[in-house]
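Novice: my questions are about this predicted structure, shown below with the sequence.
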Amino acid sequence: MSTPELPLPPAYPDRAAWGTATKLRAWQQAALSAYFERNPKDFLAVATPGAGKTTFALTVASELLSRRVVDRIVIVAPTEHLKAQWADAADRVGIPIDPAYAAGAGRTNKDFVGVAVTYAGVATNPLALRIRVERFKTLVILDEVHHAGDALAWGEAVREAFEPATRRLALTGTPFRSDVNPIPFVTYAPGPDGIPRSAADYTYGYSRALADHVVRPVLFLAYSGEMQWRTRAGDEIAARLGEPLTKDMTAHALRTALDPSGSWIPSVLTAADRRLSEVRRHVPDAGGLVIATDQQSARAYAKQLEQIAGEKPTLVLSDEKAASKRIAAFSADDSRWMVAVRMVSEGVDVPRLAVGVYATTTATPLFFAQAVGRFVRARRRGETASIFLPSVPRLLTHASEMEVERDHALGRAVTDEADIFAAEDDLLAQAQASEAASDDELGLPFEALGSEAVFDHVLYDGAAFGHAGEVHVGSDEEMDFLGIPGLLEPDQMRDLLRQRQADRAKKQQSSRPSDRRAELAAADEVPATAKHEQLAVLRRELNGLVAAWHHRTGQPHGVTHAALRKECGGPAAAAASAEQLSQRIDRIREWALRRTS
């Protein structure tokens, strides 16, 4: 259904041609109808990344200009790059926007209908923008409006600058984070627990967009492995990424995995490049993106990728003029890889991105959704996004909860574990921006000693596949999943994963009885040290399977271990024999197979 035709004012001669040429998606048309039925001063649209929020907003802007409801447009975006992206999109629909405007610069060229600024720019001089808004009937588009709640000063500046606006259209595509800073011009209503929560005027979530084929399904490939690091006190710690650990140990293990000098990240980059090669067999221009924690890591990853892929990747280090040009060039060409720090995580539109590596320590739901949102824009049916993740419980939880819609909960202090992590992420982001933070400032002093990657499992449509013991990188078993065709319908993907899961289980089951007995018999004949190592391997395998069961079912680790002991007998895992551990491994694999069949 096309946009309703309205009287065409002489000032906008391109409006008629654009209105008939642009075909709105069903959700955009529904949201547009909801907007003009109410004609509100404030409107909040929440739509999943890749759904087309920009098109919806510019449709509203064009209609309001055509109806003479507003005379000017102000677009507020999170980054400099997104200012230019908005200006380009607006220009294509006949709305000239000045992305170079600076608050306080005075009048703009008369050829422009509006300006684009950043939230930081608004905070620099809100009074100048307020004067501009008061002089003209103005529509303010607040892109990714949650940024107005990031800091109290930003929120106050946005409120001061745009309170006199004729219309305000707020957009967001990511889950809000609970905090105590209200987002300006957003309506709040008491929730069931009495805590005020944001009330969107129109919501279009990931699950609806997936059903409408507006976005791609996402295949998450999780990698675990052994990590070793040294604390400032001189203690050497060894732990397995993905096993139940304390919050601090999980953070240290993740940073060790992402350390460029270790073996984990090169192994995962190699696997991701193999996956990209398979996707490009079906989608020749498919590209990949590595999201790094900081600039130093990004440079190191780029060098490693150049050796792995045989092609120099595009390196985007910071939000600078050259960075926007690099992103635009990568979007238009057919090169393989781009490596970036944070600026490609939100709003940046590169539709050909199909493979991603989440190589950052930032783990909030908001940032995760922003990052994954770079890969989900659908171009044609059958395309699937593939994202490589560290086996960190919080990241795997985010991956399994992609369809959950979160409102902005107001008035809750940062007290729970998730928010504590979020606070650490904010501190880390500040450190990355300044590039001058020490380990003391980050609160995570450590020295990475070594890392090793192991393929863990695939997470797709909320279910885990392939978690049946250790799978070494570069093995045929790993390629069973890396070599999944680049074009598959969601049902075909699900059926293929189930089939490969069943094939692996049958293969292991057919060889397990005699092989397991032989292993146990041989273990009785070897020295105690070797037997101890064998028990450690079995315990790690069991713990890994229990962790995967937790991600799939939500059942606590302790409850699963107790259920296995009840069915198989024997003491706790720490005191169990090799035979008892093997029986529990077999049993939980049977559970997983029954659940996926």
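Specialist: It's in. Numbers count the residues shown, from 1 in each chain.
Novice: read off the pLDDT value for residue 310.
Specialist: With respect to pLDDT, residue 310 has a value of 94.
Novice: let me fix that: residue 517
Specialist: 51.
Novice: got the CA coordinates for stretch 230-245 in CSV?
Specialist: Taking C-alpha atoms only, stretch 230-245 is exported to CSV below (Å, rounded to 0.1, in the frame of the first residue of the first chain):
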residue,chain,number,x,y,z
ARG,A,230,47.9,-13.9,35.8
THR,A,231,46.4,-11.5,38.3
ARG,A,232,48.2,-8.4,39.6
ALA,A,233,48.9,-10.4,42.8
GLY,A,234,50.9,-12.8,40.7
ASP,A,235,48.4,-15.7,40.9
GLU,A,236,48.0,-17.7,37.7
ILE,A,237,44.4,-18.7,37.0
ALA,A,238,43.1,-21.3,34.6
ALA,A,239,39.4,-21.6,33.7
ARG,A,240,37.2,-22.7,30.9
LEU,A,241,35.2,-20.0,29.1
GLY,A,242,31.5,-20.8,29.4
GLU,A,243,31.7,-22.8,32.6
PRO,A,244,30.0,-21.4,35.7
LEU,A,245,32.4,-18.8,37.1
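Novice: any idea how far that stretch is from the middle of the chain?
Specialist: 26 Å (Cα atoms, centre = their mean, to the nearest Å).
Novice: adjust the sequence numbering to begin at 322 for everything that follows.
Specialist: Right, with 322 as the first residue, what we last looked at is stretch 551-566.
Novice: I would like the residues contacting it, please.
Specialist: 543-550, 570, 573-575, 578, 585, 711-714, 760, 766-768, 770, 777, 861, 864-865, 868, 878 (Cβ atoms under 8 Å, 6 or more residues apart in numbering). Just so you know, the C-beta spots here come from the backbone N, C-alpha and C atoms, and that holds for glycine as well.
Novice: one more time with 6 Å
Specialist: Residues outside stretch 551-566 that contact it (Cβ atoms under 6 Å, 6 or more residues apart in numbering) are 545-550, 570, 574, 578, 712, 766-768, 770, 861, 864, 868, 878.
Novice: which ChimeraX command selects the buried ones in those?
Specialist: Entered in ChimeraX, the line below selects the buried ones among those, by 16 or more other Cβ atoms under 10 Å:
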select :545,546,547,548,549,550,574,578,712,767,770,861,864,868
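Novice: filter the contacts of stretch 551-566 down to the ones in strands?
Specialist: Judged by DSSP state E, these include 545, 546, 547, 548, 549, 550, 767, 768, 770 as members of strands.
Novice: of these, closest to residue 604?
Specialist: Set against residue 604, the nearest of the ones in strands among the contacts of stretch 551-566 by Cβ to Cβ is residue 545 (28.7 Å).
Novice: okay, the ones in strands among the contacts of stretch 551-566 in a markdown table with pLDDT and distance to residue 604 next?
Specialist: Output for the ones in strands among the contacts of stretch 551-566, formatted as a markdown table (pLDDT from 0 to 100; distance: Cβ to Cβ, whole Å):
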| residue | pLDDT | distance to residue 604 |
| --- | --- | --- |
| 545 | 92 | 29 |
| 546 | 90 | 30 |
| 547 | 89 | 35 |
| 548 | 91 | 34 |
| 549 | 90 | 39 |
| 550 | 89 | 39 |
| 767 | 66 | 40 |
| 768 | 85 | 41 |
| 770 | 86 | 40 |
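Novice: pick the one among the residues you listed closest to residue 873.
Specialist: Nearest member of the ones in strands among the contacts of stretch 551-566 to residue 873, counting by Cβ to Cβ, is residue 545, at 15.5 Å.
Novice: I'd say that closest one and residue 712 touch.
Specialist: Yes - contact criterion Cβ atoms under 6 Å: residue 545 and residue 712 qualify, at 3.9 Å.
Novice: list residues touching both of those two?
Specialist: 562, 563, 777.
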